[in-house]
Each structure stands twice: as structure tokens, then as C-alpha cells.
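J.: The following comprises the amino acid sequence and a computationally predicted model.
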Amino acid sequence: MGLGILLVWMAWKHVRTGDPVWRQASVFWVKVYGLVFAMGIATGLVQEFAFGMNWSQYSRFVGNVFGSLLAAEGVFAFFLEGGFLGLMLFGGDRLGPRMWLFSTFLVVFGAHFSALWILMANSWMQTPQGFEQHASQWGPMAFMTNFGSVVNTPSFLPRLLHTWVASWIIGSALVLSVSAWYLLKDRHREFAKRNFSTAIKVFTVLAILQVFVFGAQMAVSVTKNQPEKLASIEGNWTAESCAPLYIVGWVDESAGKTYAIGVPCLLSFLSYGSFDASVPGIEEFPKKDWAPVNVAFQAYHLMIDLGFLFPLIGVVAWFVWWRRKRERMPPWLLWVCISTVFLAEVATIAGWWTAEVGRQPWVVWKVMRTDAAVSPTLSTGDVLLSLITFALLYALLLVLFLFLLDRKIKHGPEAPEEGHLSDLPNTFREVFRQRAQARASGDLELEDVSR
Amino acid sequence: MSLADLWFVLFVAIIGGYIVLDGFDLGVGMLHPFAAKEDRERRIVLNSIGPIWDGNEVWLVVGGGVLFAAFPVVYAALFSGFYWALMLVLIALILRTVAIEFRGKRESSRWRGLWDSVFSVSSFGLALLLGVAFGNVISGVPLDQNGEVRLDSLLDVLHPFALFLGATTIAMLLMHGALYLTVKSEGALQARIRRWVPWFVGAFTLMAAASAVWISASDYGLTDTFTDDAWTLIFPAAAVLAYVVMVLMVRRGRHTLAFFASSTVLFLSLATISAGLYPNMLKSSTNPAYSMTVQNASAASYTLTVMLVVAIIGIPFVLLYTAGVQYLFSGKVKLTDSSY
């Protein structure tokens, strides 16, 4: 999603200005996008299957409510992405810049739309509403009573924005990292400068907004809707007013104590807007409903620490970039910029761990426990063996992905090309007219430009 | 026709879309190492599905989503019951996806040879498993009263009938993929594939006929629909008609029309099987009372209505741009800088 947004921006700038550097950038990044997207399809397919495979009791129970969101995602968003991905990846030399921009926009729009449905589904699991439970031939089931409340649960909007912005940060961090590396090695200077300049602005602005607006809104939503989760991720054992916001620490779950350093009273202020507000403690809730507190605590604090680091990196790098008039960036600062894409990935994954570990032991918050959701037909051995299989397969894919991405980055962008673009069809009418002409004249033969 | 019936029809249509569209992708994958002799030919074969395979595979994902929403208990039983078979499907889908993407990234012939093998083997595996899945749905599964499939091991799903349907599916998709490639290629490559088409058609004819006989002779109960409701015979009759058209078109060398006819054969074969199964969706071999039918397994009417609105808004767009994109990439394959 993040790289996609920047691609749309680059392709749009090319359409508007005709500047070949933007064309060069679009062609380069679309290839990276293709690689990333293929990995996304390969690993994301598992999700659609896994609900039924590993969570049959969950699937039966929620199918009426949850299934429809997934089906809608498929019908509305997947087809859009899948259909136009081919045009985006292979249309660069078949379509004019304007049509290519249009296809790219549709793929990126599809990706955001797809995220919207999947986050609706996740938010329903976190803050379920709009349903009733009844018995059925196949055991108790949740039945949808109000589609409007199912799609717009209290945690949906903050989660959607928080996640979208996180993905945009990763996308801009990728462009920032790669262009910083080119600057460091003094390669593809014009390309690198243009990309760095765009990416540093996007990255910095989004990182600031993420901390102070979207992340903060998410925290308020958790405070309001899932106070147990707030207590766990903060490692807050007893209710206290003027609760500190921890920066780093360790939770001793058996002793029910958190050893940490933090900013006094800040948590109370961020969660409730008042330094005196009382923040709930874990011990207020029955022990059988506690999450694995230390895991949730560590994931959450890793995310927020990185979250505070990003605006700092962004502001410093942007300032130096501006002061030195885009020349002679200090190597250490370029290395810091290079690291952002890895850190942003870690922060996002830590965020998902926070959301998913923090809500345990519930798979559907206060409605269905995770251990009651599994497939009863599977043995521990089945689950373990398949988990190991996936771990090995994903590790292999990760290694191959990094290897190919590294090659692509080292190979760098192709030299800017221009000229033949004006012959390419730039509207739907031209696209279909050219096809019809080529068909009529039998001019659809092979062109040998094999690499 | 109730809402549940309507959703059964829509579900079958989506799976039909998957079989027709990803069917030729799988056929192309299986033919890839045999049909293409050198790298340029292999690139043509791969790029014949290059821009569209991903969109085609979406039909399977959407089929899964629709099953989850419209018939949640069937989704839960099928997916958890066939756990290891689906693990194999997932591994094959993942490896196939990355093989397509990774192959062209390096010049080395060992690299390309490796991914060519992965591409082909995973395509064979998926075609086989698709047939095995139908074999089990037709023959019934050990479903208990809680809606869980109780299998002892993966071997339980690999019984002779299922394996035979798997082999039939391989023959069917080889035929379908070969017709597709004939349309998309030319020269020596096309001539080679053209010579094979009659053999694939022959193999499919024999195996499909044998499958039909096997099903009729068995106690799977698939023929009851056709004896009870004679009008349903329209599905097998139309399938046979499409088959005759396909054979005639192959003989006359009209490969584009033959490809459309084979698409129709695939779709109508699925329609025939589905009509035969109806009203069952998943038959219990343990006790017929545990069987899941279109009526007792469907979601509540509120959910089905909401989904119908989704489908009415979404499906016309899907059909429109699927057709548009397929049209845009129709014609002989052109290799360019952005090809795989």
C-alpha cells in the first residue's frame, strides 16, 4: 500500500510534467512492487484457508457475520487488484502514461479497499457488535442482526487509519532507504536525489502524524473499548491515577510486578486527557482472562519506542538535507535512513503483536475464547508439523525475496527512456482501437527482445 | 428458488470461473517444460499467462470467502477435515506463485531450470488435488454430528475413485491448456502443441466417460437428481454438445473457438456434478442424517441478503474488467522488457 501510493504519485508527476526521471522512477519501483506483491499473494493466500483449516469451531460460530466481510473483500477488492495488477506490471510498455497511471491507481485503491474489509473483520473480533447468539443444528452460532454495526465497530476507524498510515510509512521508508543507499554509494544521483527528497518529506510528516494523531487515537480506542488490554500492554497491575508511560522494562508475571522506567503521569494524560485520571490495573480483572502480559508489554513498547524514534530521524535528516542543499549528506545519517525500512517493518509487526496478544484469551472479545475456537479434529502434532512447514517455507521465501530485492536494488534503475511513449494509447478508446487495428492487420506477432 | 439455492448457484458459478480460468493456467504450467524447447519458447509459454494468472487465481480465494459466508459449516468441515490435502494445495500455490515471479530474475540456466521444475510440478499437483477434492465431495466424507470430518490420515482422501478423478482432471486441463497455448503461440512451438491436442482430447474423452460410468455404477447417489428431475439433464446434454463443438473446431483448426468450447465443457461438467449433488453439499459417509445440505448448512437469510447486495454491486464490475483485461492481453504473446 505504501509503495503503491508513492508509485501513483510518481506516475502522476510524470503525466503532469513529462519529466523522464519520474518515468524512470515509476518503471524501477513498479518492478520492486511486483516482487513485493508476489510475496504478498504467496503468503497471504494462507489466511483465507487458515480460518477453516485451523479454526473450524470459530468459522462455524462466526461465519454468518465474519465470512461476509471476507467475501465482500474478495468481490470488491481482490478482483480489482488481481485484474489490474497485470496491466500495472506489464502495461508499462503497452499503455500510455495516463492509462498506466490509471491501472496503478486501481491496484493501489484495491489494496487499500482490501485492507479496509480485512480490518473491519479484525475490528469486529476486537469489538464485536451487531449480532445475536442462537443455538443451531451445528451448535451455537452468531447471527448478524445489523450489517451497519458489524462494519463500523467502535475500534474500526482508528484501526483502519493507524494501519493505513503504518503501511504508508513503510513504503516511504523503503524509498528512503534505497535512495539513501544510492547517495551513500554515489550511484544514480539524479534518481536518488529526487526519490530521497520525496520520501523524506512523506516519511517525516506521516511519522509525526502517526504518533500524535493516529497512534494516539488507537490508544484512546483501546482505553475505551478494551481496558484489560490497556492494562496488559502497559504492564499496569493495580489501578492508579497519574500512571506513568513506560519506555522500557520487564514484567514479572508470577510476582505481578513491572520493573520499568517511564514518564510519570503521561499514560493517564494520553489515555484520558487528564494527569489525574485512573488507569485500570490487571488485578482488577479475573485471572483467567489475563493476556500473556510480558509479551504484550514488550511488543507494545517496541512499537511505541520506534514510533517516537521515526519523527526524530525524519526531522534531523530532512533538516540536514535542506541545510546542505541536497549535497554531502553525512554517511552516518544516510545509514540511519537506510535502517528505517527495517525498523518500520519491526514496528508494524510489533503493533500487530500488541493488538493480537493483548486481546488474549479472546478470539472474539468477551464472546469466544481462543482455545474454544480451534479445529477439534487436529492433533497437536498436526498443528506443530504444519507450523514448522510454514516456518521453513516462509524463511526460504524471505531469503529468496531479500536476495532478489538486493539484486534489483544493486542493479538500479534503467536509464531514462522517452520518445515512443507518445505512440501508446492514452485513453480507453485508443486502447481498444489499437487492439482492433492490430487484430485486423494480423500484426500481433512476436517481437524478439528476449533478455 | 430460495436464497440458499441462489447462493449455491453463485458459489458453483464462481468455482466454475476458477476452473475455466485458472484451469488453463494450470494446463500451461503442466505443459511448460515439455512444450517449450529453449528459453525463449519457455518465456512465451510463461508469459501467455503472465499478466492474468493472478486475477484468475482470485476466483479461488473469492470462492473460499463465499463458502465461508454463505455455507460456514461446510467451509469449516471441508477445510479442517482435509487439512493435509489443503496444506499440499497451499504449498503448491505458494511455490507456483514464486516460481512464476522468480524465474526471469536471473539469467542462469540452473536458476531458470529449477523454477521451471517447481512451476510444472506444482501445476500437476494442483490439478491432481483439484480432482481429488471433487472425488471426495462426490463419494462423501466421514462427517460426524458436530459437522467435523473424521479422517484417520491423508491416505483416506486418496482412494481409487478420487485419484482417478484427479487423473481425469489432469487430462482435462492438459487439453484446456494446450488449446489456450495454441491460440497464444505460433511457429514451431504452436505446431508442436497442435499435434498433441488430439491426444489430450482423446485421453480426456476416455477418462471422463469412465468417470461417468464409475459414478453411475456406484452408490454415490449422484444420478438421482437426473432421474427425479428430468429437466436437469440439460446440464450433461449441453456439456456433451459443447464437447462435440470442441472436437469439430479442433478438426477444422479453429483453435480460438475450440478453446471457448472447452471452457464451456469445463463449466458445464462442474454444473452437472453440482446438479447431481444437490441438495447435498457435503455427504456424510458415516450417517446420511449428518449430511450438509444447501438448506441446513446455509447462513441466515439476513447474511445471504447482505451478500446478495454485495454481489449485485460487485460482480458486474468484476465481469467487465476481467473481460477487458483478458481482451487487452489477447492475441499472440509478445515478449517485452517487462515480461517475466
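T.: The structure has been received and is ready for your questions.
J.: Any buried residues in the helix or strand containing B:Thr303, and which?
T.: Secondary structure from DSSP states H and E places B:Thr303 in helix B:301-328. For helix B:301-328, a neighbour-count test (16 or more other C-beta atoms under 10 Å in any protein chain shown) marks B:302-304, B:306-308, B:310-311, B:314, B:318, B:321-322, B:324-326, B:328 as buried. Every C-beta, even on glycine, is put in place using the N, C-alpha and C of the backbone.
J.: Just name whatever secondary elements that helix is in contact with.
T.: Counting contacts by 3 or more C-beta pairs under 8 Å, 6 or more residues apart in numbering or on different chains; DSSP states H and E, helix B:301-328 packs against helix A:68-72, helix A:79-90, strand A:141-144, helix A:428-440, helix B:3-35, helix B:53-70.
J.: Adding distance to A:Ile338, write the ones you listed out as JSON lines.
T.: Below are the helices and strands packed on helix B:301-328 laid out as JSON lines (distance: least, C-beta to C-beta, whole Å):
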{"stretch": "helix A:68-72", "distance to A:Ile338": "37"}
{"stretch": "helix A:79-90", "distance to A:Ile338": "26"}
{"stretch": "strand A:141-144", "distance to A:Ile338": "47"}
{"stretch": "helix A:428-440", "distance to A:Ile338": "40"}
{"stretch": "helix B:3-35", "distance to A:Ile338": "38"}
{"stretch": "helix B:53-70", "distance to A:Ile338": "31"}
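J.: which stretch in these has the least confidence?
T.: Per-segment mean pLDDT for those reaches its minimum on helix A:428-440, at a mean of 72.
J.: what angle sits between that helix and helix B:301-328?
T.: Taking axes from the mean of the first three to the mean of the last three C-alpha atoms, to 10 degrees, one finds that helix A:428-440 is oriented at 50 degrees with respect to helix B:301-328.
J.: Would you mark the buried spots in helix A:428-440?
T.: A:431, A:435.
J.: Tell me how far stretch A:382-389 lies from the chain's centre.
T.: Distance of stretch A:382-389 from its chain centroid, counting by C-alpha atoms, centre = their mean, to the nearest Å, is 26 Å.
J.: before we move on, what about stretch A:32-49?
T.: So, by C-alpha atoms, centre = their mean, the centroid of stretch A:32-49 is 13 Å from its chain's centroid.
J.: got it, and stretch B:60-70?
T.: Distance, centroid of stretch B:60-70 to centroid of chain: 15 Å (C-alpha atoms, centre = their mean).
J.: Briefly note if that stretch comes near chain A.
T.: Yes: judged by C-beta under 8 Å from any C-beta of the partner chain, stretch B:60-70 comes into contact with chain A through B:61-62, B:64-66, B:68-70.
J.: what residues does that stretch touch?
T.: Contact with stretch B:60-70 is made by A:45, A:48-49, A:51-52, A:59, A:63-64, A:66-68, A:70-71, A:73-75, A:78-79, B:4, B:7-8, B:10-11, B:14-15, B:18, B:22, B:74-75, B:78, B:298-299, B:303-304, B:307, as judged by C-beta atoms under 8 Å, 6 or more residues apart in numbering or on different chains.
J.: gap between B:Asn146 and chain A?
T.: Separation of B:Asn146 from chain A (C-beta to the nearest C-beta, to the nearest Å) stands at 7 Å.
J.: Over to B:Arg254?
T.: 16 Å.
J.: Tell me which residue in chain A sits closest to chain B.
T.: For chain A, the residue closest to chain B is A:Gly63, as judged by C-beta to the nearest C-beta, at 2.1 Å.
J.: how close does the nearest residue to B:Val98 once chain neighbours are set aside get to B:Val61?
T.: Excluding the flanking residues, the one nearest B:Val98 by C-beta to C-beta, 6 or more residues apart in numbering or on different chains is A:Ala42, at 5.5 Å. Here A:Ala42 is placed at a distance of 12 Å from B:Val61 (C-beta to C-beta, to the nearest Å).
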